[in-house]
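Enquirer: Give the three-dimensional model of this entry:
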Amino acid sequence: MIHNKRVVALIPARGGSKSIPFKNIKMMNGKPLIAWTIETAFDTKEIDRVIVSTDHASIASVAHQYGAEVMQRPDRLSQDDSLPIDVIRYCMERLKAEKEQAELIVYLEPTCPLRKPEDISVCLSILTNPVKGLSSVATFKEADLHPFRAWKMDGSKPSLFIDGAVPWLPRQQLPEACQLNGAVYAFTKDSISGSSISVLSDRCGAVMMPKSRSVDIDDEIDFLFAELLMKRGSING
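Expert: Numbering: from 1, shown residues only. The predicted model follows:
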């Protein structure tokens, strides 16, 4: 709870990962991948309730093992093209039916195991700052590829992705560019009403995180890299 507002952590974890089969429960440094996110949520003092949204019994079993509640989701929300906002809205309807009074939701993807409780806390602090007047906050990192250096292909012909960009400029002369790192999305329950496909509202704040805690696991290389960083204690950076 923060400023007398209840906080629910929602952890999405479907069973149908194609890049790494059952990625969310693959063992990382002695624990299933999702366990790192569940434990971080429980270690965040502002969070009152931790829920894993899944379609698979094995993931549900691991979630229960680490103390999280489980909210089963229908198959239609567990496809490759399912949108996070639809999963969130479904869970919010379930919580409303339970008469859950939480005003704030924290969406924590299990593919970002290096986040720390402090990363979540600072997002909630900014979100609930009345001076800022925000309805959502997300974590970002420095862009892996600066958009000025991105190209597109028309057949075998390359052209700049952004017309007029100069990809040859030294890094120091490029405008600052960042990207979502997927670690933390915090928002008010009212901000997800409507038909927008975005998890973030127009009144959105940003929290920058270091690259050492911003690995978002999509494939085996990401998994090995995150595991190495964790072993070396780089999450303290």
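Enquirer: Met230 - nearest residue in space that isn't next to it in sequence?
Expert: Once flanking residues are discounted, Met230 sits nearest to Asn29: 5.4 Å by CB to CB, 6 or more residues apart in numbering. All C-beta spots, glycine's among them, are computed from the backbone N, C-alpha and C.
Enquirer: so the one you found sits right up against Lys231, yeah?
Expert: Yes. Contact criterion CB atoms under 8 Å: Asn29 and Lys231 qualify, at 6.3 Å.
Enquirer: quick one on the thing from earlier: residue contacts, the residue nearest to Met230?
Expert: 227, 230-231 (CB atoms under 8 Å, 6 or more residues apart in numbering).
Enquirer: how near is it to Lys152?
Expert: 38 Å (CB to CB, to the nearest Å).
Enquirer: Do a quick rundown of the helices in the chain.
Expert: Here the chain has its helices, by DSSP state H, at 33-43, 57-65, 84-97, 117-127, 220-231.
Enquirer: ok and the fourth one relative to helix 33-43, angle-wise?
Expert: The reference is to helix 117-127. Relative orientation of helix 117-127 and helix 33-43, computed by axes from the mean of the first three to the mean of the last three CA atoms, to 10 degrees: 60 degrees.
Enquirer: residues in contact with helix 117-127?
Expert: Against helix 117-127 from outside (CB under 8 Å, 6+ apart): 2, 7, 9, 40-41, 43-47, 104, 106, 108, 132, 134-139, 183-184, 186-188, 205, 207, 209, 213.
Enquirer: where does the chain dip in pLDDT?
Expert: Scanning the chain for pLDDT under 70 picks out the ranges 234-237.
Enquirer: Regarding it, what is its longest strand?
Expert: The longest strand of the chain (DSSP state E) is strand 178-188.
Enquirer: can you give me how far that one is from the chain middle?
Expert: With CA atoms, centre = their mean, to the nearest Å as the basis, strand 178-188 stands 6 Å off its chain's centre.
Enquirer: could you give the angle of that strand to helix 117-127?
Expert: Going by the same axes, to 10 degrees, strand 178-188 makes 70 degrees with helix 117-127.
Enquirer: What are the buried residues along strand 178-188?
Expert: 180-188 (16 or more other CB atoms under 10 Å).
Enquirer: strands paired with that strand, and their directions?
Expert: If you go by DSSP bridges, strand 178-188 pairs up with strand 104-107 (antiparallel), strand 136-142 (antiparallel).
Enquirer: Excluding its own residues, what touches the last one? List them.
Expert: What it means is strand 136-142. If you take CB under 8 Å, 6+ apart as the criterion, strand 136-142 is touched by 115, 119, 123-124, 126-127, 177-188, 191, 199-201, 203-211, 214.
Enquirer: So Lys132 is in contact with Ala206, correct?
Expert: No. The criterion here is CB under 8 Å, and Lys132 misses it with Ala206 at 11.3 Å.
Enquirer: Now for the two: what residues contact both?
Expert: Joint contacts of Lys132 and Ala206 (CB under 8 Å, 6+ apart) do not exist.
Enquirer: And stretch 113-120, how far out from the chain middle?
Expert: 11 Å.
Enquirer: Between the two ends of it, what distance do you get?
Expert: 13 Å (CA to CA, to the nearest Å).
Enquirer: Now do the buried residues in it.
Expert: 113-117, 119-120.
Enquirer: if we can go back for a sec, what backbone torsions are found at the residue nearest to Met230?
Expert: phi 50, psi 50 (degrees, to the nearest 10).
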